[in-house]
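Asks: this one's sequence-less:
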């Protein structure tokens, strides 16, 4: 099927008519590759940030709860910026440059406070750098993740997400290697490396994909009954119109799972130094085996999701996540911790591949996918904001030795939420309440 021949308006650069790809359209693998590289670029910085900033804060705070709260508060900034930025990116998506200006300008600005983090010699300076980076990086984080919806047909987005998340798992490998090989030698260089990688890779993605946006974007024809929204808050009100809304329930599940995953990621390095007697660099590398397992299994999980259904796959993943945490508690050794993180990473993979696509499937129109990505960010950022503080507080009340057990308790609550969602799902294919077939 050929794209709609209607030209772009020379005055505004807006594509006048768009069409939805036919279900049989093949996935644009080249586009998926470059979107993967773009997401890889930003996640490389975030993974290193989550691994090393908590240990930087330990120079000023001894309380795990306070460290977790600070690590969570920076994520909460996305709650306030993402809806507006995502809605604005939806307007830009049909223009000549698409969403790319938000991504590129945001990355350049965010690099500055990130590189300055190890140079901060006082608590106020460190907080300024941490909050400055988080505020800017959170603003464009969701926009980068939405790029896949511009270039990949709805029926292929789950598969594309599998490749994208495989790329994301490589960022954990990169972050772990930087921690193992560079942090103990030069902390300043260690923070500079992810920043340079982000700028180079985003530049390459834009050069090979963004500059041809009007050719590569997947157009769709407007439908006669398609709804229009005048603001991001109108989209939010429509999505959460009732307490039983599947969108609301899915956001609660995203909130819970993202919160516990963020808590583990944020507190794993201190756990390694306090319980396993590892150096800071060695503890920062604990996530490496889990990242490798994630990389090997994320694409098969993406393919299996089409058979099992996205919500059921996420439910099974949460169950595996809980098993991994219980294993880590019963075996507080380096091999036991590694095995625990491998199982937890596989459980998280089932969530990472399906959560955003499941939420996109609930959108009333394809023109608000950026705003629905913002809803995902609101749910996940809220969880990331509260999760580390909650888990850190339980550690203060017990000890670092009980971190995995405490996390397993909260993860069990998450399992209940996804069980309720899965039981409401009609079966593999459409998400509950979704407008079309599952990706």
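Replies: On my side now, so go ahead. Model, not experiment: these values are computed from the prediction.
Asks: let me see the ranges of the strands in the stretch 1-150 of the chain.
Replies: Remark: no strands are assigned in the stretch 1-150 of the chain by DSSP state E, counting those that start in this stretch.
Asks: the closest residue to residue 184 other than its chain neighbours: how many residues sit nearby?
Replies: Leaving aside its sequence neighbours, residue 184 sits nearest to residue 281 (Cβ to Cβ, 6 or more residues apart in numbering; 4.0 Å). (C-beta placed from N, C-alpha, C; glycine too.) Residue 281 has 22 neighbouring residues, counting by other Cβ atoms under 10 Å.
Asks: Provide a list of residues in contact with residue 281.
Replies: 179-181, 183-184 (Cβ atoms under 8 Å, 6 or more residues apart in numbering).
Asks: and these, which is closest to residue 151?
Replies: residue 179 (32.9 Å; Cβ to Cβ).
Asks: what's the local residue count around the closest residue to the closest one other than its chain neighbours?
Replies: In this structure, residue 179 finds its nearest non-sequential neighbour in residue 284, 3.0 Å apart by Cβ to Cβ, 6+ apart. Number of residues near residue 284 (other Cβ under 10 Å) recorded here: 29.
Asks: got the confidence number for the residue lying closest to residue 61 once chain neighbours are set aside?
Replies: Nearest residue to residue 61, sequence neighbours excluded (Cβ to Cβ, 6+ apart): residue 67, at 5.5 Å. Reported pLDDT at residue 67 in the predicted model: 81.
Asks: phi first, then psi, for the closest residue in space to residue 41 that isn't next to it in sequence.
Replies: Distances taken as Cβ to Cβ, 6+ apart place residue 201 nearest to residue 41, at 3.7 Å, with adjacent residues excluded. Backbone torsions for residue 201, taken as degrees, to the nearest 10, come to phi -70, psi -40.
Asks: so who does residue 201 touch?
Replies: 37-38, 40-41, 44.
Asks: please report how far it lies from residue 88.
Replies: 24 Å (Cβ to Cβ, to the nearest Å).
Asks: do residue 102 as well
Replies: In terms of Cβ to Cβ, residue 102 sits 7 Å off from residue 88.
Asks: those two: which has the busier surroundings?
Replies: Applying other Cβ under 10 Å to residue 102 and residue 88 shows that residue 102 carries more neighbours, namely 21 against 16.
Asks: tell me the confidence at that one?
Replies: For residue 102, pLDDT reads 86.
Asks: ok, it touching residue 90?
Replies: No: with contact defined as Cβ atoms under 8 Å, residue 102 does not count as touching residue 90 (11.1 Å).
Asks: overlap of the contact sets of these two?
Replies: With Cβ under 8 Å, 6+ apart, residue 102 and residue 90 have no common neighbours.
Asks: please identify the buried residues of stretch 404-412?
Replies: Within stretch 404-412, the residues scored as buried using 16 or more other Cβ atoms under 10 Å are 404, 406-408, 410-411.
Asks: okay, and the helix or strand of this structure with the least pLDDT?
Replies: helix 213-216 (a mean of 54; mean pLDDT, DSSP states H and E).
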